[in-house]
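In: here is a sequence together with a model predicted from it:
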2 protein chains.
Amino acid sequence: MAIHGGSGTINRTEITPEEESAFRVGLEAALNAGYAVLKQGGSALDAVEQAVRSLEDNERFNAGKGAVFSASGRHELDASIMCGQTLNAGAVAGVTNVRNPISLARAVMEQSENVFLLGSGAEDFARDQKLPIEPDEYFFTELRYQQLAEAQQANKTQKTQLDHSKRNTGKGTVGAVALDQHGNLAAATSTGGLTNKKYGRVGDTPVIGAGTYANNETCAVSCTGYGEFFIRSVVAYDISCLMAYKGLSLKEACAYVVQDKLNVMGGEGGLIAVDRAGNVELPFNSEGMYRAWRNQMGQGEVAIFA
Amino acid sequence: MAIHGGSGTINRTEITPEEESAFRVGLEAALNAGYAVLKQGGSALDAVEQAVRSLEDNERFNAGKGAVFSASGRHELDASIMCGQTLNAGAVAGVTNVRNPISLARAVMEQSENVFLLGSGAEDFARDQKLPIEPDEYFFTELRYQQLAEAQQANKTQKTQLDHSKRNTGKGTVGAVALDQHGNLAAATSTGGLTNKKYGRVGDTPVIGAGTYANNETCAVSCTGYGEFFIRSVVAYDISCLMAYKGLSLKEACAYVVQDKLNVMGGEGGLIAVDRAGNVELPFNSEGMYRAWRNQMGQGEVAIFA
């Protein structure tokens, strides 16, 4: 199993020891939540959902509680989940007030005949499914509010848009991939998107094939990074196709997509992936990526920097 | 160049000679609109946009004017476009009142720093870009209104959802693919989605990699069909990967994905595709698909049934 809490310009000079410690505790807790499911013989789907819920509930990560603010001052949340055994998938984009968007994505997958629901319609579905709904205040954090103010100030005083490095400070998707004892793979991804995003902007997180993909024949993948590039590159499915059609190993496919293809385009970010044999990869071309993994022997690590 | 006007249970017993003639005239007009661009040395991007605009403006096709009604009685429109030369892409989902969603998708690609915009945010962007906005009445057609009434009546009297064949009567995506004189490929897709769709449901049309994909190295693809299956199968990018990574021809890749993979899943529909050599494929596993193509020698056809 592997999880991530976002990628970007993360280096030791920008993060205090206390913050670093809090991130590590959060990553460890999310990994434990998912790993416990697997250890008890549970499904990869349950494991990735539980891990992502833990990160959504943790206000330090940009998903669920603590998500970034959009230009309109809301928290517009995206999530998707996919089952490698059935190739079933669920995705939601631009939803507000749903406490755990990843559980809504799973409900879309299992309780609706659809795969992809948007905005207020998706929220209506969440209410019909009796999923927890929270007021705007639940999602509020002072840090994210300051980031919005700074982004809006920068937009006012600069003619150009925020540059990529500044965007990254407000970025951070969360995700999980897992292989269970039954040989099934699953992937899940959730995000608040970009600080000060306008016009209903959505990145790769809710796009099956781009931000999330799982297939028992190949691998499970969850991405984080500059979403526009990940959509155009169909990153998650690309990893799977390189394995299925070109015979690359997970490691080779990940290296090619993240270090070669994405780097050439200027697509900063990373991903986590696990294959059907339990091999784990956590490649990124950004300065850092919040990440953690643990294998069937209990070996693993929690890491942030390159 | 090739275009489609949707796939589904289309057979000679369900369509009058007058309707068939009107569909053929509409397909021919859209093909001519795109082909004229190519003949004058214009870009594949301009050609697919013009062809799709023609289909959006034609009330017989389920995109733009004449789109199906959602459960809330609105016209919720999705579209996407991709340039094979730059791998730039633009997509919009759940937009209302925008006359030509494909031109909005193109504006997203060229005039914003984003790829994928949703709902009212995307409409705000359309207004900022001075794209034509129309009142609800513009999109109204009696046929689609009757289909909504029938779908809602069927939902009331049946415990189960509408079956697939009935869904198909209200279906119909439009799309275009083209290769220009400069060797550039492009693809575009636009739809009103499913009659009586609920909860902000979106299909594969606005999902880059699923409903639309273009890459000068391989091919340009636009899909139509039961969108949930096309999302889960990442159909458009799958065609490209089978060519790039497995060395299949366009014809082999299309046959494998549409007749084998999608059929096994139960994913009814079809697609149009053109490769860098100008080969055209228009495969479908449904009863029919509104379609037309024409090559550089002026050879081609307009067809509806299998």
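Out: Received, thanks. Residues are numbered from 1 along each chain as shown, chains lettered A, B, ... in the order given.
In: okay, CA-based contacts and neighbour counts for the rest of this
Out: Noted.
In: closest residue of the stretch 1-150 of chain A to chain B?
Out: Of all residues in the stretch 1-150 of chain A, the one sitting closest to chain B is residue A:121 (3.5 Å; C-alpha to the nearest C-alpha).
In: now that residue: closest residue in space that isn't a chain neighbour?
Out: Spatial nearest neighbour of residue A:121, chain neighbours left out: residue B:199 (3.5 Å); criterion: C-alpha to C-alpha, 6 or more residues apart in numbering or on different chains.
In: for chain A, what spans make up the strands?
Out: Assigned by DSSP state E, chain A shows strands spanning A:2-8, A:77-83, A:89-95, A:116-118, A:174-179, A:185-191, A:201-202, A:212-214, A:219-225, A:269-275, A:280-281, A:288-294, A:300-305.
In: can you list contacts of the third one?
Out: Right, strand A:89-95. A:75-83, A:101, A:104-110, A:114-120, A:122-123, A:200, A:202, A:206-208, B:118, B:232 (C-alpha atoms under 8 Å, 6 or more residues apart in numbering or on different chains).
In: now, of the residues you listed, which are buried?
Out: A:75-83, A:101, A:104-109, A:114-120, A:122-123, A:200, A:202, A:206-208, B:118, B:232 (16 or more other C-alpha atoms under 10 Å in any protein chain shown).
In: could you dump the strands of chain A into TSV with mean pLDDT added?
Out: Formatted as TSV, the strands of chain A follow (pLDDT from 0 to 100):
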stretch	mean pLDDT
strand A:2-8	94
strand A:77-83	98
strand A:89-95	98
strand A:116-118	98
strand A:174-179	98
strand A:185-191	98
strand A:201-202	97
strand A:212-214	98
strand A:219-225	97
strand A:269-275	97
strand A:280-281	98
strand A:288-294	96
strand A:300-305	95
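In: can you lay out these as JSON lines showing distance to residue A:250?
Out: Putting the strands of chain A into JSON lines (distance: least, C-alpha to C-alpha, whole Å) gives the following:
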{"stretch": "strand A:2-8", "distance to residue A:250": "14"}
{"stretch": "strand A:77-83", "distance to residue A:250": "18"}
{"stretch": "strand A:89-95", "distance to residue A:250": "22"}
{"stretch": "strand A:116-118", "distance to residue A:250": "28"}
{"stretch": "strand A:174-179", "distance to residue A:250": "13"}
{"stretch": "strand A:185-191", "distance to residue A:250": "14"}
{"stretch": "strand A:201-202", "distance to residue A:250": "28"}
{"stretch": "strand A:212-214", "distance to residue A:250": "13"}
{"stretch": "strand A:219-225", "distance to residue A:250": "8"}
{"stretch": "strand A:269-275", "distance to residue A:250": "7"}
{"stretch": "strand A:280-281", "distance to residue A:250": "7"}
{"stretch": "strand A:288-294", "distance to residue A:250": "15"}
{"stretch": "strand A:300-305", "distance to residue A:250": "18"}
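In: for those strands, which one sits closest to residue B:24?
Out: For those, the distance to residue B:24 is smallest for strand A:116-118, at 32.4 Å, taking C-alpha to C-alpha.
In: show me what from chain A comes close to chain B.
Out: Residues of chain A lying close to chain B by C-alpha under 8 Å from any C-alpha of the partner chain are A:87-89, A:94, A:114-125, A:198-203, A:207-210, A:228, A:231-234, A:237-238, A:241-242, A:245-246.
In: change it to 6 Å
Out: A:115-118, A:121-122, A:199-202, A:228, A:245-246 (C-alpha under 6 Å from any C-alpha of the partner chain).
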